[in-house]
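Novice: Build me a model from this:
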Amino acid sequence: MINKEEFRKKIIVSAGQIFSHYGFKKTTMDEIAKALKMGKSSIYYYFESKEDIFEAVVQFEANILRNELTTAIKAVESPIDKMRSYVFVRMKSFEKLSNYYNAIFDKNLDHFDFIETIREKYDREELAILRLIIYHGARKKVFNVVNSEYTAMAVQTTLKGLEVPLFWKKKEVNIESRLNAILDVLFYGIVKKR
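Specialist: This is a model prediction of the structure:
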């Protein structure tokens, strides 16, 4: 007897690879069914449409990202290491989780209500994590921060600004060195200390 949840997950993982390769628009239910070596009707038993599958794929990848970030942050003690881990894991995960990344940033998918819901949830969660890291860093007197809310927004804006150059020009960009340079500016600023 096949476990319904396991089979649903199998559809999500397989469809995720196809969406990642062809994009949402060009992916068909036939391709998803073919990859799973099953009829479309079997897939429709679990999902009503291609949009439903894509939504499940995006939610699945969002959970992976959330778990990876939580694990990375908990694995280190100092606020600087927490921020460094957060930034590195976030950027590296986006590279792997292309469906989630596309859902967050592809304007051609704006007409799906679930995309906007996912974007808003992602922004809120990210701000909460950043605010917490910054707040703890300020309490430990590691970060010199007047307002952790505004600082978290500034860090989030910086990270969002990095996404496009990092992922659209993969060939010539050394992600590690660019992220380290950004973190150096974030941690130490550009103004010479007197």
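Novice: All the strands of this protein, in order from the start?
Specialist: Read by DSSP state E, the chain holds no strands at all.
Novice: for whichever helix in the chain runs longest, packing partners?
Specialist: Secondary structure of the chain read by DSSP state H shows that its longest helix is helix 113-139. Applying 3 or more Cβ pairs under 8 Å, 6 or more residues apart in numbering; DSSP states H and E, one finds that helix 113-139 makes contact with helix 50-74, helix 79-96, helix 98-105, helix 148-168. Heads up, the C-betas are built off the backbone N, CA and C, glycines and all.
Novice: Tell me how far Y101 lies from M91.
Specialist: For Y101, the distance to M91 equals 10 Å [Cβ to Cβ, to the nearest Å].
Novice: For these two, list the residues in contact with both.
Specialist: Shared contacts of Y101 and M91 (Cβ atoms under 8 Å, 6 or more residues apart in numbering): E163.
Novice: Next, the angle helix 50-74 makes with the helix or strand of the chain with the lowest mean pLDDT.
Specialist: When the helices and strands of the chain are compared on mean pLDDT, DSSP states H and E, helix 98-105 comes out lowest with a mean of 74. Interaxial angle, helix 98-105 versus helix 50-74 (axes from the mean of the first three to the mean of the last three Cα atoms, to 10 degrees): 100 degrees.
Novice: and helix 98-105, C-alpha only, in PDB?
Specialist: The C-alpha trace of helix 98-105 is given here as PDB (Å, rounded to 0.1, in the frame of the first residue of the first chain):
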ATOM      1  CA  SER A  98      15.000  27.900  -7.900                       C
ATOM      2  CA  ASN A  99      11.200  27.400  -7.900                       C
ATOM      3  CA  TYR A 100      10.900  29.300  -4.600                       C
ATOM      4  CA  TYR A 101      13.300  31.900  -5.800                       C
ATOM      5  CA  ASN A 102      11.200  32.300  -9.100                       C
ATOM      6  CA  ALA A 103       8.000  32.500  -7.100                       C
ATOM      7  CA  ILE A 104       9.400  35.300  -5.000                       C
ATOM      8  CA  PHE A 105      10.900  37.300  -7.800                       C
END
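Novice: What is it packed up against?
Specialist: Going by 3+ Cβ pairs under 8 Å, 6+ apart, helix 98-105 lies up against helix 4-26, helix 50-74, helix 113-139, helix 148-168.
Novice: 7 Å - rerun?
Specialist: The elements that helix 98-105 packs onto, with contact taken as 3 or more Cβ pairs under 7 Å, 6 or more residues apart in numbering; DSSP states H and E, are helix 4-26, helix 50-74, helix 113-139.
Novice: Out of these, which is closest to K37?
Specialist: When these are compared by Cβ to Cβ, helix 4-26 sits nearest K37, at 9.7 Å.
Novice: and that closest one, how far out from the chain's middle?
Specialist: Mean-position distance between helix 4-26 and its chain equals 17 Å (Cα atoms, centre = their mean, to the nearest Å).
Novice: Fine, thanks again, bye for now.
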